[in-house]
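Colleague: from the sequence below, what's the structure:
(chains A, B and C)
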Amino acid sequence: MMRLELVKRPQRSALFSAVSPLIALVLTVAAGAVMFSVLGKNPLDALYYYFIDPLRETWSLHELAVKAAPLILIAVGLSVCFLSNNWNIGAEGQFIAGAIAGGILPVVFPDFQNWSVLPLMMLMGVAGGAAYAAVPALLKARFNTNEILTSLMLVYVAQLFLDWLVRGPWRDPGGMNFPETRDFHAFAILPELLPSAGRAHWGIVFAVVAALVLWFVLRKTLKGFEIRVLGQSPRAGRFAGFSAPRMVVVAFLISGGLAGLAGISEVAGAIGQLQPSISPGYGFTAIIVAFLGRLNPLGIVAAGFVLALSYLGGEAAQISIGLSDKAARAFQGMLLFFVLGCDTLIHYRIRLAGRATARRREVAQNV
Amino acid sequence: METQRDGEAGGLLDVRGLTKVFGTLKACDAIDLTIDRGEIHALLGENGAGKSTFVKMLFGALEPAAGTIGWKGRQVTIPTPGAARRLGIGMVFQHFSLFEALTAAENIMLSLDEKAPIMQIAERARALSKTYGLPLDPFAHVGDLSVGERQRIEIIRCLLQKPDLIILDEPTSVLTPQEADKLFDTLETLRDEGKSILYISHRLEEVKRLCDRATVLRHGRVVAHCDPRQETAASLARMMVGNDVEAVSRPADAGGAHEALLEVSGLSRPAANPFAVPLREIRLTVRAGQVLGIAGVAGNGQGELFEALSGEALQEHAGVVRIRGMDCGRLSISGRRLLGAGFVPEERLGHGAAPHMRLSENLLLSRHATDGKSLLGPLGTVREGALTAAAERIVETMDVRMSGTDPEAAALSGGNLQKFIIGRELDRQPAVLIVNQPTWGVDAGAAARIRQALIDLARSGSAVLVISQDLDELFEISDAIAVMHDGRLSAPLPIAEASFEKVGLLMGGAAPGHTIDNALDNATEQA
Amino acid sequence: MFESVLITIATAATPLLIAAIGELVVERSGVLNLGVEGMMIMGAVTGFGVAITTGSPWLGVFAAVLVGAAFSLLFGFLTLTLVTNQVATGLALTLLGLGISGMIGEAFIGMPGLKLGPIAIPVLSDLPYVGRFLFAQDPLFYISILLVAGVSYFLFYTRAGLTLRSVGDNHDSAHALGIRVVAVRYAAVAFGGACAGLAGAYLSLVYTPQWIENMTAGRGWIALALVVFASWRPWRVLAGAYLFGAVSIGQLHAQVIGVSIPSQFLSALPYLATIVVLVLISRNRRLTMVNTPSCLGRPFVPAR
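Modeller: Numbers count the residues shown, from 1 in each chain, chains lettered A, B, ... in the order given. Here you go, the predicted structure:
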């Protein structure tokens, strides 16, 4: 029987650190082609609509930026969490919390209209996301409660709460009973960057700035060192005088705040009101973005556009060749699988140990 | 074949040319070794000489790259530990291969190939433990047992397999001198029953006392086969190390009333987790110019004491720990470092150093608070140039050998990483240095260098506290030795009054209330 | 009334119980598979699809078990052979499962499903108060109880169970003794996947015999929480699952009766209850520390 054996490299491979995400992308595209054939579509057509067609026109490049913005914002925050070994998988909930908190002004106080509304909304969005993320963080820091499960449970709670708001107290009084809030007024709309060319709004600017700042912090400062040490070996981190419980809170506040900012940017920029569903799973897809970007904020910017492309491509393929838009989710899941698998190459060489084992068996039987 | 197997008195094991390569390192290079029936054979060598690798190949845990193993006159291959057991090779591991969440009987059951019910196994284990004087409760959970008790389980588990050859890997490193004596009696009984023993150790006195023949390894090669009784400890050491290890010199303390730099009074600490040992009313003082050694069997609260002193665990009252006359029981580890203390923990990888970070980053680990001015810039940025320069300085001073510039900590050998970690603290000239197991798993040359550095630091006016399981080491470097047992610390014995026997009795738990002389009397009466 | 409430609690509890008991075995072997939700939804879509295509709910159940196990082996290959991070890989399995099931299931939306009907055991099911609850249930209910008993017996009274626990406690020691750590873990992971697949089939063939996208609705995650809640003991998983069943049925009944609390708040109760329970359990550090398999989530690379 053939068997895979891992041989530890003495040092991590710089080459594979750089190319493993690319290998993963190639493998995903190949696997996607197989998947499309199985679904009875011409794989080349499907791949074209997924990966090329959305890049052909300016307006759709703008759409790409609209989709990439929340993914990048959330994923750079998650990189701080994952690097410090805090598994926040509730970003989807924090995204919603940010959208709700930021939405208070235009929905509840629609008559309060001046230039200060938008900045206040953004701040409240950040605060809302951070506060919602603080719940699993404090529970972990104080009671050692598993943050994976608590942060995820809170996603369902946030979705239900938003659902209640837009069907109940926040429903648009003049909206024919549709489950949605009133449209945000002009002062509460996040402006588009080049209104004549497309819909891309300031969210993508926030995302790139956040990525640059966090890249600097993680790479160049003592705080970044603290984050990485506590994530890699908590005991050494404690020996260094860093506090793991405090880091839990810091990491969750940062990622929650950025997810909240993503949430309010999405509703104030792309949607313009609150609805029962305001995210096609950005909070979860951002996990894939974070890993594809190898938890490096700059890599995450690139990865954010790749995953945004899969959303747009999903829509394009549905319209053009009738491929289910659900295929995009399957695609994204496969990508994460391949990314994780390829990362093994960074720390190990892989050896096929078919023959040696067989020989050993043989000799063993002779004993 | 049959006649050969039964007829020959000697010739149990005949290994020729056994070789194992890890990456570019030849851990074992063409090793030859023979063991007769009814022989205790010593395998000598310092840390990293290839002893453990060699026996793992005999036990089927590692696969040899080349060479043959002859067993009872036939050539065999040992692909798995199960195959080794079926042949009649048993092993008692140095770092125990026990399961803490399981009972002693369950642990034993896992290594037996037969499918006997657990009660029957427990009964057999109990009977065997009586025969060999190794008391054991089959239904105790291993997690609750002391290291000595755990070793007994390992030995009984091994004996239940009725092996012809028993491999013991550094068995006395976890025992008090008195417990070691008992173990030697057991081993001699086994030899008289015709069993063979491969005894791995770097303790030369016990090898001379116990073993019939010895094979000495150095850098993965056999350098000598000899009769240890014909050799002196010094000649054996020379074979192991290859040259004379520079003896550590301990100049006399200048004497007089030195300032107390580290004072601990009434330090108690409840167990932080179910597997920890609570500390009880610990009191100690280390003065400038002095090395205080703390002896004890592993798992008696040494790790907990280190954490309490370093500030990784805080005390309830500030006055419990004083560094340079300042109350610091409520200060964090960084706060205590700022008072002039330095710390070296037991675990190198994962505690003293982050395994996958470069040496320069590992320098930042313990120095960012004390050397913030030179290592950090505006906005909390790290000055990488200053960092690498400082790391290079330490590498040079401590003669740290490594490949490439600024490698990851995990890429260094144990001895070299330990030199770096100790050098990282010495580089600051700390007023108080607290070290846990300074030379555990370190080769002789590096160990001598580290010990000398600790003495020199003390003599230059610092207070040094050394926690160690290695009694030889403590007697070599300490001005006084105190003993830890079950979370309590004995009064220090000045080195002139200390002896292996006295310290050993305290390690075994002779109540501090009794005078040591009484305890000694009792021991002789029993004997 | 009392008995019918008990029965509905059982239908809510059974899928949680089946998924959790499988994950318990996985975690006892030292592997943390966070992909329960993904394996469950794959089981649900497979069970539904095969049942309506072949007309046999039993074939659906069988296929769901197979697909759950096969899907879990994907996780096994990454975490055990390629030694990837178990947390991240488990998440990947969940995302992949949700994606693929949505894609496959698109064709099934709105189609009437097949239901696996109850089997009444003669005489016993006529017992007063508990007869119908205990002895006139769907077959998977009986299987779930047998699974708990079987796992409990396996773990604590068989040699193989002892081996599995030893691997979860200390994989280095197990390796040193010649136990094939990776093989044991593969087996445990596959069993966990099979159970999750079965739990998914329960949802789409018994609980609500139809296909709804994301119909697991976090039950896979609640099952994970149940394992922690039960501190890795099979019979406590049973207790925990019925407790959660009671909470979710309680809120459903409250919605039906028309309690003047918004339905969304009632629907959030099971999730909030999960958090509360986790906090209560983890507050007792001593308890969790003693019971958690020591190697849980830790990578293992044997030296050869």
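
Colleague: helix or strand for residue C:24, which one?
Modeller: helix C:2-28 (DSSP states H and E).

Colleague: list the buried residues of that helix.
Modeller: Buried positions in helix C:2-28, judged by neighbour count with 16 or more other Cβ atoms under 10 Å in any protein chain shown: C:6-28. (C-beta placed from N, C-alpha, C; glycine too.)

Colleague: what do you get for stretch C:248-264?
Modeller: With burial defined by 16+ other Cβ under 10 Å, the residues of stretch C:248-264 counted as buried are C:248-252, C:254, C:262-264.

Colleague: now do the same end-to-end measure for it.
Modeller: End-to-end distance for stretch C:248-264, by Cα to Cα, to the nearest Å: 12 Å.

Colleague: packing partners of the helix holding residue C:24?
Modeller: Judged by 3 or more Cβ pairs under 8 Å, 6 or more residues apart in numbering or on different chains; DSSP states H and E, helix C:2-28 is in contact with helix C:36-54, helix C:131-135, helix C:139-157, helix C:159-169, helix C:181-202, helix C:219-229, helix C:234-257.

Colleague: ok, now with 6 Å
Modeller: helix C:36-54, helix C:131-135, helix C:139-157, helix C:181-202, helix C:219-229, helix C:234-257 (3 or more Cβ pairs under 6 Å, 6 or more residues apart in numbering or on different chains; DSSP states H and E).

Colleague: other SSEs contacting the fourth one?
Modeller: Counting contacts by 3+ Cβ pairs under 6 Å, 6+ apart, the secondary-structure elements packed against helix C:181-202 are helix C:2-28, helix C:36-54, helix C:57-76, helix C:159-169, helix C:171-176.

Colleague: so which residue is dead centre in chain B?
Modeller: Closest to where the C-alpha atoms of chain B average out (Cα atoms, centre = their mean) is residue B:440, at 5.0 Å.

Colleague: and it, how close does it get to chain C?
Modeller: Look at residue B:440 and chain C: by Cβ to the nearest Cβ, to the nearest Å, they are 18 Å apart.

Colleague: go on, residue B:437?
Modeller: Computed as Cβ to the nearest Cβ, the residue B:437 to chain C distance reads 20 Å.

Colleague: check contacts around that residue.
Modeller: By Cβ atoms under 6 Å, 6 or more residues apart in numbering or on different chains, residue B:437 lies in contact with B:346, B:468.

Colleague: so how far is residue B:417 from it?
Modeller: Going from residue B:437 to residue B:417 by Cβ to Cβ, to the nearest Å gives 13 Å.

Colleague: ok, now residue C:241?
Modeller: Taking Cβ to Cβ, one finds residue C:241 at 49 Å from residue B:417.

Colleague: look at the two and report which has more neighbours.
Modeller: The residue with more neighbours, out of residue C:241 and residue B:417, is residue C:241; 29 against 24, by other Cβ atoms under 10 Å in any protein chain shown.

Colleague: could you find the closest non-adjacent residue to the more buried one?
Modeller: Distances taken as Cβ to Cβ, 6 or more residues apart in numbering or on different chains place residue C:17 nearest to residue C:241, at 3.8 Å, with adjacent residues excluded.

Colleague: helix, strand or coil: sort out residue B:138 for me.
Modeller: Look at residue B:138: counting by DSSP: H, G, I helix; E, B strand; the rest coil, its state is coil.

Colleague: that one contacts residue B:104, doesn't it?
Modeller: Yes - applying Cβ atoms under 6 Å as the test, residue B:138 and residue B:104 come out as touching, 5.0 Å apart.

Colleague: who has more neighbours, the two?
Modeller: Between residue B:138 and residue B:104, counted using other Cβ under 10 Å, residue B:104 has the larger neighbour count: 27 against 22.

Colleague: thinking again about what came up before, in a markdown table, list the buried residues of stretch C:248-264 along with distance to residue B:369.
Modeller: Converted to a markdown table, the buried residues of stretch C:248-264 look like this (distance: Cβ to Cβ, whole Å):
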| residue | distance to residue B:369 |
| --- | --- |
| C:248 | 51 |
| C:249 | 56 |
| C:250 | 54 |
| C:251 | 52 |
| C:252 | 56 |
| C:254 | 56 |
| C:262 | 52 |
| C:263 | 54 |
| C:264 | 50 |
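
Colleague: identify the farthest-apart pair in those residues.
Modeller: Using Cβ to Cβ, the buried residues of stretch C:248-264 reach their maximum pairwise distance at C:249 and C:262, which is 18.5 Å.

Colleague: any idea how far residue A:159 lies from chain C?
Modeller: Relative to chain C, and taking Cβ to the nearest Cβ, residue A:159 is found at 9 Å.

Colleague: count the residues that sit near the nearest residue to residue B:204 once chain neighbours are set aside.
Modeller: Leaving aside its sequence neighbours, residue B:204 sits nearest to residue B:233 (Cβ to Cβ, 6+ apart; 4.2 Å). Residues contacting residue B:233 under the criterion other Cβ under 10 Å number 13.

Colleague: report pLDDT for residue B:233.
Modeller: In this model, residue B:233 is scored at 82, pLDDT.

Colleague: ok, now residue A:358?
Modeller: With respect to pLDDT, residue A:358 has a value of 39.

Colleague: ok, now the one 5 residues further on?
Modeller: In the prediction, the pLDDT value recorded for residue A:363 is 40.

Colleague: now swap in the one 4 residues further on and tell me
Modeller: Predicted confidence (pLDDT) for residue A:367: 34.

Colleague: same thing with residue C:123?
Modeller: Predicted confidence (pLDDT) for residue C:123: 77.

Colleague: quick one on the thing from earlier: which of the helices and strands packed on helix C:2-28 sits closest to residue B:464?
Modeller: Among those, helix C:181-202 comes nearest to residue B:464, with 42.4 Å by Cβ to Cβ.

Colleague: just the buried residues of that closest one, please?
Modeller: Neighbour-count burial for helix C:181-202, counted by 16+ other Cβ under 10 Å, picks out C:181-182, C:184-202.

Colleague: where does the prediction get shaky in the stretch 101-250 of chain A?
Modeller: When residues are selected by pLDDT under 70, none of them lie in the stretch 101-250 of chain A.

Colleague: let's see stretch C:210-218 as CSV, backbone CA atoms only.
Modeller: Taking Å, rounded to 0.1, in the frame of the first residue of the first chain, the C-alpha atoms of stretch C:210-218 are listed here in CSV:
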residue,chain,number,x,y,z
GLN,C,210,-38.4,17.6,3.2
TRP,C,211,-35.3,19.4,2.0
ILE,C,212,-34.6,22.9,3.2
GLU,C,213,-31.3,24.6,2.7
ASN,C,214,-29.2,24.9,5.9
MET,C,215,-31.8,22.7,7.6
THR,C,216,-29.3,21.7,10.3
ALA,C,217,-29.5,25.3,11.6
GLY,C,218,-26.6,25.0,13.9
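
Colleague: do that stretch and chain A meet?
Modeller: Yes - applying Cβ under 6 Å from any Cβ of the partner chain, one finds stretch C:210-218 touching chain A at residue C:218.

Colleague: tell me what whatever helix or strand residue B:55 lives in is packed against?
Modeller: Using DSSP H and E, the element containing residue B:55 is helix B:51-58. Helix B:51-58 sits against strand B:25-35, with contacts defined as 3+ Cβ pairs under 6 Å, 6+ apart.

Colleague: neighbouring strands for the strand it packs on, and are they parallel or not?
Modeller: Paired strands of strand B:25-35, with direction, are strand B:13-22 (antiparallel) (DSSP bridges).

Colleague: can you give me the mean pLDDT across the partner strand?
Modeller: Per-residue pLDDT over strand B:13-22 has a mean of 92.

Colleague: name every strand pairing with the next helix or strand after the helix holding residue B:55 and say which way it goes.
Modeller: Downstream of helix B:51-58, the first helix or strand assigned by DSSP H and E is strand B:66-71. Partners of strand B:66-71 in the sheet, by DSSP bridges, are strand B:13-22 (antiparallel), strand B:74-76 (antiparallel).
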